[in-house]
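Q: Structure, please.
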Amino acid sequence: MDSILSFISANQQIIYIVILMVFVGIEVIGRVPSVLHTPLMSGANAIHGVVVIGAIIVMGKAETDNYLALTLGFFAVVLGTINVVGGFVVTDRMLEMFKKKKA
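A: Residues are numbered from 1 along each chain as shown. As a prediction, this is how the structure comes out:
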């Protein structure tokens with residue numbers, strides 16, 4: 001318990017920044033009109049593609065006995081891949097709405 005409290009006190013400013021980033025992100029995304037959804041998803045797909053590449057690099061550089069880094073890297077790869085694929089599916093469905101229907 002003391003190690004957790006010392007970690008929190010040592011990284012208190014970073015924790016505050018992350019919490020504020022979450023709230024700002026929710027506010028920004030919540031106010032995006034539906035017309036801008038497709039470009040926003042394309043940008044998010046690019047960012048999460050970088051996250052997947054970074055997670056693969058972290059897993060490759062991790063020691064073989066560092067199970068925490070390997071587990072977190074694995075979950076980052078899986079969740080990032082799911083997010084990228086889901087974003088492409090949503091973007092594709094949005095773009096299908098703008099195509100002309102065949103007679």
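
Q: in this structure, which spans are helices?
A: 2-10, 12-30, 37-61, 67-96 (DSSP state H).

Q: Could you point out which of those helices sits nearest K102?
A: helix 67-96 (12.3 Å; CB to CB). For glycine as for every other residue, the C-beta is placed from the backbone atoms N, C-alpha and C.

Q: buried residues in that closest one?
A: Using 16 or more other CB atoms under 10 Å as the test for burial, helix 67-96 gives 73, 76-77, 80, 83-84, 87, 91.

Q: Check the helices of the chain for me: which has the lowest mean pLDDT.
A: Ranked by mean pLDDT, those bottom out at helix 37-61, which scores a mean of 80.

Q: contacts for that one?
A: 29, 32, 69-70, 73-74, 76-77, 80-81, 83-84, 87-88, 90-91, 94-95 (CB atoms under 8 Å, 6 or more residues apart in numbering).
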